[in-house]
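Asks: Here is my input, please return the structure:
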Amino acid sequence: MKLPTVVLEHFDNLTEINEAQSLRILEGDFSGDVRSDLITQCFLDDDPILFEKAIPWLKDAVQQAGFIDIILRLERHRLKFELARFDPIYDHSAIELIETKLEELCASTLREDALRCFADLCSILVAAKDFSARQCGENYYFTKLLRTLYEDHLTEQREQSRFIRTPQKDTLLYQFYKAADVDLLESDTQYSKYNLYSITADTELLIGLPSRILDLQRQVQLFINTPKHILELFERLRKDGLIEDLALLTSDHSFLQTDKRYFVSFGIEYIWQPLTLDNVVHQPIGAVARTILRTCDISAEGTALQPSVSTFYAQGSGDKIWCSITANSMTFEEVAQVPELLEDCAVTQLIHLEYFVEDGRLHVSHIDHEYIFYTLEEFDLRGTDPSQKGNARKRLKTFKIDRSAIPFVLDDGTLFVHTLIDACFDKPYLLTDFLLGLLQPRG
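Replies: Below you'll find the predicted structure:
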């Protein structure tokens, strides 16, 4: 949906306020108001942009065919996302409530719910007696619609920003270190090559919400988006001596200058766990098919796996995962039938690892995850051509491990490669049973 410039500017301004508020709190400054719903706060503050620009546009927009259907689709998506976060055993009542909302969701219930919320607000808020004429139930309804649009805009901006990297010398991160007489392009090989920040003895991983890398020498904290359970797994393997080198993708436009270790806790937190031999779910026989396009004879003595190129896919689906195996490496690339699309390209995800055999078990000596960017023409070819490269943008790595000796299955039954693929790919189940087959003892 194309929003007018004045609404986009209003949304971007609110986002800046929210980010500044979050940084202030994480740095230990708890002064001032903490406002989690900035759109509603604009209503309470009688904000002129809301009432004189955004709401008048919205009143015209809802008269257009299909506009309310877009709002309903966004609201339905939000409710389904919220529903997926509940535990079916412990959150039965909450699940029933949301399922009822989904069943009853329509244009009239959107309006009724907003007017009901406004009445409740007026009954408990002392300041409501001083509301202006435009701070009415009707405009509160439009404010709720605008909030839905803002949340969608915010989600889209976050998704797009995942793939945007500013030239390194122009980033706030590089400039901060440069001012401290540290040139990251010279001091950190992983940063100069891949935009990754190396974890060293002078850093500490702060794992939580949000997760960060703390530079102990300069008391600066860098934000990272790596899932919490993956960071915990990496940290455990580092402490056990199974990972020597680890580098992670950080935010290059915001960081904290503090040694304080604050985390955020609110709402529902879904606890992800590593996959293990006990909780991994096998696929029904025949649910996943494998097509082998090319194989090579095992001629080198000691080669553990047969080199091959193949695809894994579910019957009746165009989604697939390409798998390329050599004498010492594996590459998995997930190619969706309907890919994630940016303005100029389609995006796939790739995990590459190098392996060796010790005591009959496969071990990982290197592994990394990256996004690949294809022009639309390249992506169409990639569906059938394993040699097709993505050249629309430079590849973007999110993590990289080197000089490691990580068993595919850890001593406690944790499935290392399974867990990473499950965290990164949208259809990880396509590889589940194939990877389990690799756990068999090797000669």
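Asks: all contacts plus neighbour counts: C-alpha atoms, from now on.
Replies: Fine.
Asks: Alpha carbons of the strand or helix carrying residue 7, as CSV, please.
Replies: Using DSSP states H and E, the element containing residue 7 is helix 5-26. Taking Å, rounded to 0.1, in the frame of the first residue of the first chain, the C-alpha atoms of helix 5-26 are listed here in CSV:
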residue,chain,number,x,y,z
THR,A,5,4.2,11.5,2.2
VAL,A,6,2.8,13.3,5.2
VAL,A,7,1.8,10.0,6.8
LEU,A,8,5.1,8.3,6.0
GLU,A,9,7.0,11.2,7.5
HIS,A,10,4.8,11.1,10.6
PHE,A,11,5.4,7.3,10.9
ASP,A,12,9.2,7.8,10.5
ASN,A,13,9.2,10.5,13.2
LEU,A,14,7.4,8.2,15.6
THR,A,15,9.9,5.4,14.8
GLU,A,16,12.8,7.8,15.6
ILE,A,17,11.1,8.7,18.9
ASN,A,18,10.6,5.0,19.8
GLU,A,19,14.2,4.1,19.0
ALA,A,20,15.6,7.1,21.0
GLN,A,21,13.4,6.0,23.9
SER,A,22,14.6,2.4,23.7
LEU,A,23,18.3,3.5,23.6
ARG,A,24,17.8,5.8,26.5
ILE,A,25,16.3,3.0,28.7
LEU,A,26,19.0,0.5,27.7
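Asks: From the chain's centroid, how far away is it?
Replies: 20 Å (C-alpha atoms, centre = their mean, to the nearest Å).
Asks: could you point out which element follows that helix?
Replies: According to DSSP H and E, the helix or strand after helix 5-26 is helix 38-44.
Asks: now that next one, how far from the centre of its chain.
Replies: Computed by C-alpha atoms, centre = their mean, the chain-centroid distance of helix 38-44 equals 28 Å.
Asks: That one - contacts with which helices or strands?
Replies: helix 5-26, helix 137-161 (3 or more C-alpha pairs under 8 Å, 6 or more residues apart in numbering; DSSP states H and E).
Asks: hmm, try it at 7 Å
Replies: Counting by 3 or more C-alpha pairs under 7 Å, 6 or more residues apart in numbering; DSSP states H and E, no packing neighbours are recorded for helix 38-44 among the helices and strands.
Asks: what does it rub up against?
Replies: Helix 38-44 has contacts (C-alpha atoms under 7 Å, 6 or more residues apart in numbering) with 14, 50, 135, 143, 147.
Asks: Check stretch 95-107 too.
Replies: Against stretch 95-107 from outside (C-alpha under 7 Å, 6+ apart): 68, 72, 76, 79, 83, 86.
Asks: A helix includes the third one, no?
Replies: Yes. Counting by DSSP: H, G, I helix; E, B strand; the rest coil, one finds residue 76 located in a helix.
Asks: gap between it and residue 85?
Replies: Residue 76 is 15 Å from residue 85, where distance means C-alpha to C-alpha, to the nearest Å.
Asks: between these two, who's got more neighbours?
Replies: Taking neighbours as other C-alpha atoms under 10 Å, residue 76 and residue 85 compare with residue 76 leading, 17 against 14.
Asks: any idea what sits nearest the more buried one, other than its immediate chain neighbours?
Replies: Closest residue in space to residue 76, ignoring its immediate chain neighbours: residue 102 at 6.6 Å, by C-alpha to C-alpha, 6 or more residues apart in numbering.
Asks: With residue 67 instead?
Replies: Residue 67 sits nearest to residue 61 (C-alpha to C-alpha, 6+ apart), 6.6 Å away.
Asks: got a pLDDT number for the one you found?
Replies: Note on residue 61: pLDDT of 94.
Asks: which intervals of this structure have sub-threshold pLDDT?
Replies: 1, 30-36, 265-270, 297-303, 443 (pLDDT under 70).
Asks: quick one: the strands in it?
Replies: 196-199, 203-206, 212-215, 220-224, 243-256, 288-295, 308-314, 320-325, 329-335, 340-341, 346-358, 361-374, 396-404, 406-407 (DSSP state E).
Asks: returning to that earlier point: closest one of the contacts of helix 38-44 to residue 401?
Replies: Comparing the contacts of helix 38-44 against residue 401 with C-alpha to C-alpha places residue 14 closest, at 37.7 Å.
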